[in-house]
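>>> Take this sequence and fold it.
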Amino acid sequence: MKKTLLATAALLAIAYAHSAFADVTVTAEISKTKDIDVTVDIDIIKDIDITVTVTNSVTKAAEVDSLINQTNFNNDSCENCAEKIDEIIDSVNANIGVVTVNQSTGNNNNQGSVLTAAVDDLTPPGGGNGGTNGFFGYAEAQGAIDQRNGGVNRGNVVDSDTILFREDRMEGSVSNNLGVAMVNQAAGQMLNQANNVAIAISLDPFGGVALTEGELGQETSNNVNHESDIFKEANILSSVNGNQGVTLVNQGTGNMSNQANLLTVAVTAAAGSL
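Numbers count the residues shown, from 1 in each chain. Model prediction:
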């Protein structure tokens, strides 16, 4: 054992005496092949069921249904040098209640504004004391707008050229109104423009149910537009300011478009809280 240890120590001493530092350059070529497969499956399924059960007897009700339906198809417009301008200047201001305006210098345009409202009486039937005797208020408002521009078999055709201007201009107007203001302005061709407001109010301080539904369906298909050298402009300047209530505005100088505003409101409340 003692001889073996001495021999090992001698070898280590010799190796230490002959050790040295050196720079080593290593060149290597490494080839790698990597295959990556990523599979992601995401399934999102949502089922929502809403069930409303009213145990009170509904003896007071306010209900409105409002529908606007406009169709524009099978029309032809071939115009040259047919300049058009719509202007509403310093108008439709400071009205109280309901104001509606339709203005059009174009061709084959549909425009409409509709307001429907229903309000029931505050006093329960038979002079009772409202919900404490089972009387219950119910308000439902349904509004829909359906506008079709073009059709399955034949749409609209516009073939116009060299029109210096086609302009809608609203300036200093439709401001500081109190209530409902609805405006349509069109210098284009084959436009559908609509405003629809449906309001149902049940005046019952003891409770009630309010339901509202709105549906907007619009379609543009199979239309043909060949226009050249036409300048179109739509301007709303210093307008539609400071109104209180509901303000709806459509403005268009183009061709074969659908524009619509839809508002449905249902309320059950005491008269003093409105």
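
>>> contacts, neighbours, all on C-alpha from now
OK.

>>> Need the phi and psi values for Asn156.
For Asn156, the backbone dihedrals are phi -110, psi 150 (criterion: degrees, to the nearest 10).

>>> ok, it - contacts?
With contact set as Cα atoms under 8 Å, 6 or more residues apart in numbering, Asn156 has these partners: Asn72, Phe73, Asn74, Asn75, Asp76, Asn149, Gly150, Met190, Asn222, Asn223, Val224, Met256.

>>> Any chance of a PyMOL selection covering the buried ones in these?
The following PyMOL command selects only the buried members of the contacts of Asn156, with burial defined by 16 or more other Cα atoms under 10 Å:
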select buried, resi 72+73+75+76+149+150+190+223+224+256
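
>>> so of the contacts of Asn156, which ones are in strands?
Asn72, Asp76, Asn149, Val224 (DSSP state E).

>>> Isn't the second one up against Val157?
Yes. Because the distance of 4.8 Å satisfies Cα atoms under 8 Å, Asp76 is recorded as touching Val157.

>>> Can you verify Asn176 is assigned to a helix?
No. The assignment for Asn176 (DSSP: H, G, I helix; E, B strand; the rest coil) gives coil, which keeps it out of a helix.

>>> Show the backbone phi and psi for it.
Dihedral angles of Asn176 (phi, psi; degrees, to the nearest 10) stand at phi 60, psi 40.

>>> That one contacts Asn93, doesn't it?
Yes. Taking Cα under 8 Å as the definition, Asn176 is a contact partner of Asn93 at 5.8 Å.

>>> between these two, which one's more packed in?
Relative neighbour count places Asn93 above the other of Asn176 and Asn93, with 20 against 17, counting by other Cα atoms under 10 Å.

>>> Model confidence for that one, exactly?
In this model, Asn93 is scored at 98, pLDDT.

>>> Could you check which helix or strand contains it?
Using DSSP states H and E, Asn93 sits within no helix or strand.

>>> and what of the one 4 residues further on?
Applying DSSP H and E as the criterion places Gly97 in strand 96-104.
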